[in-house]
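Student: kindly generate the corresponding structure for this input.
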Amino acid sequence: MIINQKQRIMKILKRILLGLLSLIILALIVALFVKKDFAVEREIAINKPKQEVFDYIKLLKNQPNYSVWAKKDPNAKMEFKGVDGTPGFVSSWDGNSDVGKGEQQIKKVTEGERLDLDLHFIKPMDSHADAYFTTDSLASNQTKVKWGINGKMMYPFNIMRLFMSMDKMMGKDLEGGLNNLKGILEK
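Tutor: Below is the predicted model:
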């Protein structure tokens with residue numbers, strides 16, 4: 001009788017394990033076909049001349065003033081290397097679990113037009129992305145600012161794209177940052 005009961009329990013446990021293993025294998029197969037690349041972009045009109053806006057955003061030391069991510073941990077350790085606003089300048093952070101650890105480096109500055117950045121997220125997960133800001137004159141005293149991020153979710157983590165929208169998730173933070181930027185510059 002005890003042997004029969006043990007055998008039933010073992011059969012149940014074996015079925016549960018096979019079921020879990022099947023789900024994991026299915027998820028890994030599905031992840032092979034889920035898009036890895038993402039692109040998120042938001043824009044805002046700021047009532048200031050284009051050059052004034054660009055001169056502010058090209059300085060990475062200004063980002064903690066408007067970035068939603070920087071505001072999630074005001075006590076994050078920040079370090080800067082190089083000449084701000086020029087290619088090669090590095091801004092790094094090490095904060096709580098909301099902001100993690102990483103760095104961004106200015107890759108290219110097209111004066112008055114575009115700032116290209118290389119983002120390297122170290123914690124909680126090592127990954128890279130490209131970010132950029134562009135400025136366009138809408139009028140002599142009005143500038144359209146675009147802030148965008150392009151990246152890749154590595155396999156098998158890309159399966160999370162089935163359950164969450166990078167555009168909605170990151171777009172909200174980009175919008176918040178742009179609204180903060182507008183408030184600062186129009187003050």
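Student: give me the buried positions along the longest strand seen in the chain.
Tutor: In the chain, with assignment by DSSP state E, the single longest strand is strand 127-139. Buried residues in strand 127-139, counted by 16 or more other C-beta atoms under 10 Å: 129, 131, 132, 133, 134, 135. To be clear about C-beta, it is placed using only N, CA and C from the backbone, and glycine gets the same treatment.
Student: average model confidence for whichever strand or helix holds residue 12?
Tutor: Residue 12 is part of helix 2-31, with elements assigned from DSSP states H and E. For helix 2-31, the mean pLDDT works out to 88.
Student: now swap in stretch 143-151 and tell me
Tutor: Here stretch 143-151 scores 96 as its mean pLDDT.
Student: hmm, who's touching that stretch?
Tutor: Residues lying outside stretch 143-151 but in contact with it, judged by C-beta atoms under 8 Å, 6 or more residues apart in numbering, are 37-46, 48-50, 53-54, 57, 119, 127-138, 170, 174, 177-178, 181.
Student: and the spatially most central residue of the chain, which of the three is it?
Tutor: Per C-alpha atoms, centre = their mean, the C-alpha nearest to the average position across the chain is that of residue 170, at 6.1 Å. Under the three-state scheme (DSSP: H, G, I helix; E, B strand; the rest coil), the conformation of residue 170 reads as helix.
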